[in-house]
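Q: whatever this is, show me its structure:
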Amino acid sequence: MEITYVIVIAIIAYIAGSITKLFVDSIPNKFIPLQNVLIGIISGLLCYFTKIEPNLLQSLVLCIVATMGAGGIADLINIKNK
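A: Numbering: from 1, shown residues only. The predicted structure is shown next:
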């Protein structure tokens, strides 16, 4: 089941990123964690309502932690490249 979370989060993040790039020219970096939390909440709700995870709290926490972790890894890669 864990790989299903990753797939759901990746699809939601891709859709949110595409919508953001279409309608907003540039988002300040301080709002990226907020975007990651929203992606985690949407992904957690989607996983709960599609019966991937039977526990709502566990689904939300798992997806939020995963999106925040992915954002942190992306920031570390960007810092290393600079």
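Q: taking the mean pLDDT, what do you get for whatever helix or strand G72 lives in?
A: Assigned by DSSP states H and E, G72 falls within helix 56-81. For helix 56-81, the mean per-residue pLDDT is 79.
Q: from the chain's centroid, how far away is that helix?
A: Relative to its chain's centre, helix 56-81 lies at 7 Å (Cα atoms, centre = their mean, to the nearest Å).
Q: list the buried ones in that helix?
A: Using 16 or more other Cβ atoms under 10 Å as the test for burial, helix 56-81 gives 59-60, 62-64, 66-67, 70-71. (Glycine included, C-beta is placed from N, CA and C.)
Q: show me what that helix is packed against.
A: Judged by 3 or more Cβ pairs under 8 Å, 6 or more residues apart in numbering; DSSP states H and E, helix 56-81 is in contact with helix 2-23, helix 32-49.
Q: just put these in a markdown table and tack on distance to I79, mean neighbour count and mean pLDDT.
A: Listed next are the helices and strands packed on helix 56-81 as a markdown table, based on distance: least, Cβ to Cβ, whole Å; neighbours: other Cβ atoms under 10 Å; pLDDT from 0 to 100:
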| stretch | distance to I79 | mean neighbour count | mean pLDDT |
| --- | --- | --- | --- |
| helix 2-23 | 20 | 13 | 80 |
| helix 32-49 | 14 | 18 | 88 |
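Q: need the ones you listed in TSV (columns: distance to N55).
A: Output for the helices and strands packed on helix 56-81, formatted as TSV (distance: least, Cβ to Cβ, whole Å):
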stretch	distance to N55
helix 2-23	13
helix 32-49	8
